[in-house]
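Colleague: Give the three-dimensional model of this entry:
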Amino acid sequence: MYVDISEILKGKVDGKKVSIRGWVFRQRSSGNLNFLVVRDATGRVQVAVKKDKIEDGGWKDASEAYIESSVEVAGEVKKDERAPGGWELQVSEFRTVHQGEPFPISKDLSEEFLLDVRHLWLRSRKLASIFKARHHLVNYLREYLDKEGFYETPPPVITKAECEGGSTLFEMDYFGDKAYLSQSGQLYQEALIFGLGKVYAFAPSFRAEKSRTIRHLAEYWHLEPEMAWYSQEENMKLQEDMVEFAIQKFAKEHVEVLEELERDPKILQKVKAPFIRMDYEDAVDKVNELGGKMEQGDDFGTQDEALLTKELEKPLFIHNFPSDIKAFYMRDDPEKPGTVLAADMLAPEGHGEMIGGSERVWELPELEKKMKAFGLSPKQMAWYVDLRKYGSVPHSGFGMGIERFVKWTLGLHHIRDTIPFPRTITRAYP
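Modeller: This is a model prediction of the structure:
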């Protein structure tokens, strides 16, 4: 019977004859004995091939297999503390499914080369572990929102509406008309709250930012909840509870993935609500106190966010930004004129912003005033303006960059390792 390698490593088939299918991870020969490490999606196990215990064809295949040759192996499972993982398969049958060519990836290769062969580098232990982690984290975010009564609703990717500013739009020819790749599904999610109450989108977003930082992508995945009747305070409470839920469940249930990535689960176990909160003006003063150079009215850059968070153990909310540096759809704070009811959640350890959220402008006169101030035409976004004409209600929402969330959770240096095929200012291949 074929088994996953993880079944061997868990000791579930000790002393049994089993078959595995996978790829050669490592190989070494010693006279009439071949040792290979074979991997599949669940783990790695050592296989021992003795010349006098196997047919000639099997010995030849085991001797000539390359790294990443695909193989089928049968044998008896034995406990062996000297072997990687503590188990060994003593081989009775070995067959190469595809020998392939010598694998082009070895140690100490440049990042650019590894990005050029990303389609092959995805087989690495590190990237495989990252994408397992990403899968689980996204599932836990969805689980939390489902528990809270949200409906997942798909937004369009092709749009004529700008959300975060025209300078970062990817323009396209749409059957002779001008259209754009979506910067955010938020505006469309707002339309859905009137029928469903609480909704979220999970979809790609596109930003034509000419940024060369370790936390920017031109194409990324966006989790965007939107909630009718929610104040900004309730919005922030939802965000921190969702992040705590996903982080705590992941740290508890997937210690083996964290260990593979050398990320201490105890770091994540400290991430519990409530998170730290800081007014925008106080945050600017704090940046300058820590050696940065900001003026009131400036937006935070990557280095400024790193200064604020590098010593923190859990996320930080910065709230009440100046109105003129935030988006047109954010509601002004009636208790603090000149600021908006908005907050950015910054990840600790210097990772920076991963969530942006706000209470939305919900009354027609304020929306029209805001659109005029931002140079937006109500006619071009008539459908969005309509939402304020027919039974409008106070509402709030936020957007989480999944790759930034994964980057922080796993303690990764660069955001490009959080997505299989990263799209940056310099790369759209492979």
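Colleague: farthest residue from the center of this protein?
Modeller: Here the chain reaches farthest from its C-alpha mean at Asp52, the gap being 49.3 Å by CA atoms, centre = their mean.
Colleague: which residues sit in contact with that residue?
Modeller: Counting by CB atoms under 8 Å, 6 or more residues apart in numbering, Asp52 touches Asn32. No exception for glycine: its C-beta is placed from N, CA and C like everyone else's.
Colleague: shaky segments in the stretch 301-430 of the chain?
Modeller: Within the stretch 301-430 of the chain, no range satisfies pLDDT under 70.
Colleague: Would you map the strands across it?
Modeller: 316-319, 342-347, 352-359, 395-401 (DSSP state E, counting those that start in this stretch).
Colleague: What is the neighbour count of Gln232?
Modeller: Gln232 has 23 neighbours, counted by other CB atoms under 10 Å.
Colleague: Just to check, it is in contact with Glu359?
Modeller: Yes - using CB atoms under 8 Å, Gln232 makes contact with Glu359 at a distance of 4.0 Å.
Colleague: overlap in contacts of those two?
Modeller: With CB under 8 Å, 6+ apart, Gln232 and Glu359 have common neighbours Arg331, Leu341, Ala342, Ser396.
Colleague: bridging residues for the closest residue to the third one other than its chain neighbours?
Modeller: Which is Ala342. Sequence neighbours aside, Ser358 is the residue nearest to Ala342 in space, at 3.6 Å (criterion: CB to CB, 6 or more residues apart in numbering). Beta-bridge partners recorded for Ser358 (DSSP bridges): Ala342, Gly397.
Colleague: Look at Gly197 and say how many residues are nearby.
Modeller: The local packing of Gly197 (other CB under 10 Å) involves 16 other residues.
Colleague: Now do the same contact list for Ala343.
Modeller: Gln232, Asn235, Met236, Arg277, Phe317, Ile318, His319, Asn320, Gly356, Gly357, Ser358.
Colleague: strand partners of the helix or strand where the fourth one lies, parallel vs antiparallel please.
Modeller: With elements taken from DSSP states H and E, the one containing Arg277 is strand 276-279. Taking DSSP bridges as the criterion, strand 276-279 pairs within the sheet with strand 316-319 (parallel).
Colleague: can you give me the helices for the stretch 201-350 of the chain?
Modeller: Assigned by DSSP state H, counting those that start in this stretch, the helices in the stretch 201-350 of the chain fall at 232-253, 255-260, 265-269, 280-289, 302-309.
Colleague: who wins for proximity to Glu76 among the ones you listed?
Modeller: For those, proximity to Glu76 was assessed by CB to CB; helix 255-260 is nearest, at 25.3 Å.
Colleague: What strand or helix carries the closest residue to Ser92 other than its chain neighbours?
Modeller: In this structure, Ser92 finds its nearest non-sequential neighbour in Gly75, 5.0 Å apart by CB to CB, 6+ apart. Element membership of Gly75, judged by DSSP H and E, is strand 70-79.
Colleague: How about Val97?
Modeller: Element membership of Val97 [criterion: DSSP H and E] is strand 87-98.
Colleague: Give me the sheet partners of that strand and which way each runs.
Modeller: Strand pairing for strand 87-98, using DSSP bridges, gives strand 43-50 (parallel), strand 70-79 (antiparallel).
Colleague: For Trp221, which of the ones you listed is the nearest?
Modeller: Using CB to CB as the measure, strand 43-50 is the one of the strands paired with strand 87-98 that comes nearest Trp221, at 27.4 Å.
Colleague: show me the contacts for Leu141.
Modeller: Shown in contact with Leu141 (CB under 8 Å, 6+ apart): Leu223, Met242, Ala246, Met400.
Colleague: Next, the angle from the longest strand seen in the chain to strand 43-50.
Modeller: Across the chain, the longest stretch assigned as strand under DSSP state E is strand 17-30. Angle of strand 17-30 versus strand 43-50, following axes from the mean of the first three to the mean of the last three CA atoms, to 10 degrees, is 70 degrees.
Colleague: neighbours around Trp59, how many?
Modeller: 19.
Colleague: My guess is it contacts Arg95. True?
Modeller: No - using CB under 8 Å as the test, Trp59 is too far from Arg95 to be in contact (11.3 Å).
Colleague: Let me have the strands paired with strand 87-98 in TSV, adding distance to Phe103, mean neighbour count and mean pLDDT as columns.
Modeller: Compiled in TSV, the strands paired with strand 87-98 are given as follows (distance: least, CB to CB, whole Å; neighbours: other CB atoms under 10 Å; pLDDT from 0 to 100):
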stretch	distance to Phe103	mean neighbour count	mean pLDDT
strand 43-50	16	21	98
strand 70-79	12	18	98
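Colleague: Ok, which of those comes nearest Lys107?
Modeller: Minimum separation from Lys107 across the strands paired with strand 87-98 (CB to CB) falls at strand 43-50, 17.3 Å.
Colleague: Show residues contacting the closest one.
Modeller: Residues outside strand 43-50 that contact it (CB under 8 Å, 6+ apart): 4-6, 8-9, 20, 25, 32-38, 58-59, 62, 73, 75, 80, 83-85, 87-91, 94.
Colleague: Could you give me the ChimeraX selection string for whichever of those residues are buried?
Modeller: In ChimeraX, this line selects whichever of the contacts of strand 43-50 come out buried by 16 or more other CB atoms under 10 Å:
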select :4,5,6,8,9,20,25,34,35,36,37,38,58,59,62,73,75,83,85,87,88,89,90,91,94
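Colleague: Please name the residues that touch Glu55.
Modeller: With CB under 8 Å, 6+ apart, Glu55 has these contacts: Glu93.
Colleague: Who are the contact partners of the nearest residue to Pro422 once chain neighbours are set aside?
Modeller: Closest residue in space to Pro422, ignoring its immediate chain neighbours: Arg416 at 3.8 Å, by CB to CB, 6+ apart. Arg416 sits next to Leu115, Leu217, Pro422, Thr424 when contact means CB under 8 Å, 6+ apart.
Colleague: any idea how far Thr424 is from Arg416?
Modeller: Distance, Arg416 to Thr424, by CB to CB, to the nearest Å: 7 Å.
Colleague: who's in contact with Arg331?
Modeller: Gln232, Val340, Leu341, Ser358, Glu359, Arg360, Val361, Trp362, Glu366.
Colleague: With adjacent residues omitted, what lies nearest to the second one?
Modeller: Just to be clear, that refers to Val340. Closest to Val340 by CB to CB, 6+ apart is Met330, at 4.0 Å.
Colleague: Could you pull up the residues touching that neighbour?
Modeller: Residues in contact with Met330 (CB under 8 Å, 6+ apart) are Ser323, Val340, Leu341, Ala342, Ser358, Glu359, Arg360, Val361.
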